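>>> missing the sequence, but the structure's below:
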Ligand SMILES: Nc1ncnc2c1ncn2[C@@H]1O[C@H](COP(=O)(O)OP(=O)(O)OP(=O)(O)O)[C@@H](O)[C@H]1O
């Protein structure tokens, strides 16, 4: 450098015990500030104030690079006027301060009046004391990079060694580096989340066009399905929704209902595969008092409950021959008879059906009535699997992340490569599976960033379940189904229970879950999940994508102790 610098070797004045004590006080107090101050402004300005009041290091300032990185500006100071702060701008490499930034080396100017490199830019010479004034500047380092400069003036002739001041400034610079890097990290994360939120909100706004009712996706398949739905919504045409499990058949049937003139009347959904055959008839048609043991009062069935509105019959391919005939009768004459009744009850329902089976094949095998097939198949709408809907995974994944964050009060983000991994997975369980995987990854992720490893762990568990499902499924199905009866009949598992709700109350939709086999090798993941949640079974169940009832069933079936959670 072209100016006299005097680094640690300088020993012109003895340091005394008093100086040592004030050094320690400053260090102790500024360490407290770092830990307790609410903002970097309070912590750094407080440290600069201590430097001035306890050590005589005056007009302390912290200079940080501008956004372009070309200049340094005074960001925090003590004892400088606003105008002085404004003037304190240096190019990197310019003057003493700029050189410290560029070289990463500290500088001590013994006498600023004799140092040509000292620019007097922020503070006029007249403002400073008459005697000899020194200037010390040290780099603020984050690892090996210089992220700013800490500098101060001191009266040259003082009974305290200038190298003691240099030393303490270097220590304080490491404190300040910590404050700055933590606040940068927070700022970075906050702006990332804000940006992500903005994008998601834009996407949602864009997606939830007037008639879409929250249907997400930009693929041609989704657009086609929505276009077809809007074409037939306000007609009497019977719609058959086909597609693999979890592709959104029920969701689209709600959109159909909400776009029809029946939107203010009930929408009632029932899953024909989820109810034992002997109960299905009375669920659908209701029963009269005394119709069977336990029928102590007459009861309306789902068809009557849906009167004026829409009845969604999911897994229609699972209806037995007798119920197929009865359904045909409703479609033809709009009347029903309750179980045990003789009276024809007129009903006004729009029936939408769905299946993940290939109904044509069921007809060929004599398992489904041809006449009913024709009645239902007037207007088929096919929902393709997620793996064929390029681009939708990204939109849906971001949406499910946002809603899981809301649900669990988290601020989780996807780590590097996660979105790409989600996009290449083939999602046999489609959108429902994607939703489950994201919820679970938010729950298992501890540091706020979902990593590829988190996703791989969950996908491995998923593939194991899929293998079992595939082993048990019928060839008539489009793909992985949920009708493999391995879980217990269960009133608490929403997927197995018929549910109904009024139109417009789409938030009341129960989440469908596939059945899954109880596997011996699940014991480990169950134990781990319980350990992770400190024994909370409901949260452990959510982590594994199960209902609490399914979770308890597994504990019992696998012979795991109920208090397994709190061990080790
Ligand atoms: N396009 C979409 N946008 C947002 N969420 C969707 C979309 N499609 C489906 N979902 C969500 O995915 C999950 C599964 O959808 P849905 O229950 O409608 O599938 P399904 O085809 O009826 O399944 P199954 O045949 O197993 O009954 C639900 O939580 C649903 O809200």
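Looks like it came in fine. Since the structure is predicted, the reported quantities are computational estimates derived from the model, not experimental observations. Numbering: from 1, shown residues only.
>>> residue ranges with poor pLDDT in the stretch 1-150 of the chain?
Counting by pLDDT under 70, the ranges of the stretch 1-150 of the chain that qualify are 1-19.
>>> switch the cut-off to 80
Applying pLDDT under 80 to the stretch 1-150 of the chain flags the ranges 1-20, 37-38.
>>> contact partners for the closest residue to the ligand within the stretch 201-350 of the chain?
Proximity of the stretch 201-350 of the chain to the ligand (Cβ to the nearest ligand atom) peaks at residue 248, 2.7 Å away. From N, CA and C alone the C-beta is placed, and that goes for glycine too. By Cβ atoms under 8 Å, 6 or more residues apart in numbering, residue 248 lies in contact with 215, 383, 430, 431.
>>> got CSV for those residues, with neighbour count and pLDDT too?
Output for the contacts of residue 248, formatted as CSV (neighbours: other Cβ atoms under 10 Å; pLDDT from 0 to 100):
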residue, neighbour count, pLDDT
215, 18, 87
383, 25, 93
430, 25, 94
431, 24, 95
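>>> just flag the most distant two among those residues.
215 and 430 (14.0 Å; Cβ to Cβ).
>>> before we move on, the earlier item: near the ligand too, which of the contacts of residue 248?
215, 431 (Cβ under 6 Å from any ligand atom).
>>> domains for this protein, by residue range?
17-187, 220-386, 518-568 (automatic domain parsing).
>>> which strands or helices does the helix or strand containing residue 253 pack on?
Assigned by DSSP states H and E, residue 253 belongs to helix 249-258. Contact here means 3 or more Cβ pairs under 8 Å, 6 or more residues apart in numbering; DSSP states H and E; on that basis helix 249-258 packs against helix 220-232, strand 239-242, strand 266-271, strand 310-314, strand 350-355.
>>> quick one: closest of these to residue 448.
helix 220-232 (31.1 Å).
>>> and the closest one, what other elements does it pack with?
Partner elements for helix 220-232 (3+ Cβ pairs under 8 Å, 6+ apart): helix 249-258, strand 379-382.
>>> the longest one to helix 220-232, inter-axis angle?
Spelled out, that is helix 249-258. Put simply, helix 249-258 runs at 30 degrees to helix 220-232, going by axes from the mean of the first three to the mean of the last three Cα atoms, to 10 degrees.
>>> report how many residues lie close to residue 318.
23 (other Cβ atoms under 10 Å).
>>> likewise for residue 53?
Neighbour count of residue 53, defined by other Cβ under 10 Å: 14.
>>> what does the one 10 residues further on give?
Around residue 63 sit 25 other residues, with neighbours defined as other Cβ under 10 Å.
>>> the residue nearest the centre of the chain: what secondary structure?
Among the residues of the chain, residue 401 comes closest to the average C-alpha position under Cα atoms, centre = their mean, at 2.7 Å. Counting by DSSP: H, G, I helix; E, B strand; the rest coil, the backbone at residue 401 sits in helix.
>>> contacting residues for it?
Residue 401 sits in contact with 412, 413, 414, 438, 442, 450, where contact means Cβ under 8 Å, 6+ apart.
>>> apply 7 Å and report the result again.
412, 414, 438, 442 (Cβ atoms under 7 Å, 6 or more residues apart in numbering).
>>> then residue 449?
Residue 449 neighbours (Cβ under 7 Å, 6+ apart): 413, 415.
>>> and if you look at residue 450?
Here residue 450 is in contact with 412, 414, 415, 418, 441 (Cβ under 7 Å, 6+ apart).
>>> tell me the residues of the stretch 101-250 of the chain that contact the ligand?
Taking Cβ under 6 Å from any ligand atom as the criterion, the stretch 101-250 of the chain approaches the ligand at residues 215, 216, 217, 222, 243, 245, 246, 247, 248, 249, 250.
>>> for these, which one is nearest residue 22?
For those, the nearest to residue 22 is residue 216 (62.5 Å; Cβ to Cβ).
>>> let's see the pLDDT reported for the closest residue to the ligand within the stretch 51-200 of the chain.
Shortest the stretch 51-200 of the chain-to-the ligand distance, computed as Cβ to the nearest ligand atom: residue-wise this is residue 200, at 12.9 Å. At residue 200, the model reports a pLDDT of 71.
>>> what helix or strand is it on?
For residue 200, the element it lies in under DSSP H and E is helix 162-207.
>>> could you check the angle helix 220-232 makes with that helix?
On the basis of the same axes, to 10 degrees, helix 162-207 is oriented at 40 degrees to helix 220-232.
>>> closest one to residue 536 among the helices and strands packed on helix 249-258?
With Cβ to Cβ as the yardstick, what comes closest out of the helices and strands packed on helix 249-258 is strand 266-271 (29.4 Å).
>>> which residues touch the helix or strand just after the closest one?
Next along the chain after strand 266-271, taking DSSP H and E as the criterion, comes helix 277-285. Applying Cβ under 7 Å, 6+ apart, the external contacts of helix 277-285 come out as 270, 272, 275, 301-303, 320, 323, 336-339, 498.
>>> which SS class is residue 159?
Applying three-state DSSP: residue 159 is coil.
>>> for residue 69, grab the count of nearby residues.
Neighbours of residue 69 under the rule other Cβ under 10 Å: 8.
>>> do residue 549 as well
16.
>>> worst-scoring helix or strand of the protein, pLDDT-wise?
Within the chain, judged by mean pLDDT, DSSP states H and E, the helix or strand with the poorest mean is strand 499-502; its value is a mean of 23.
>>> check what pLDDT residue 231 gets.
pLDDT at residue 231 comes out at 90.
>>> number of nearby residues for it?
13.
>>> kindly report the same for residue 157.
Residue 157: 10 neighbours (other Cβ under 10 Å).
>>> mind listing what it touches?
131, 132.
>>> that one and residue 448, how far apart?
The gap separating residue 157 from residue 448 is 53 Å, by Cβ to Cβ, to the nearest Å.
>>> and what of residue 235?
In terms of Cβ to Cβ, residue 235 sits 49 Å off from residue 448.
>>> what of residue 117?
45 Å.
>>> the two: which is more packed in?
Legend: neighbour count by other Cβ under 10 Å for residue 117 and residue 448, higher for residue 117 (18 against 13).
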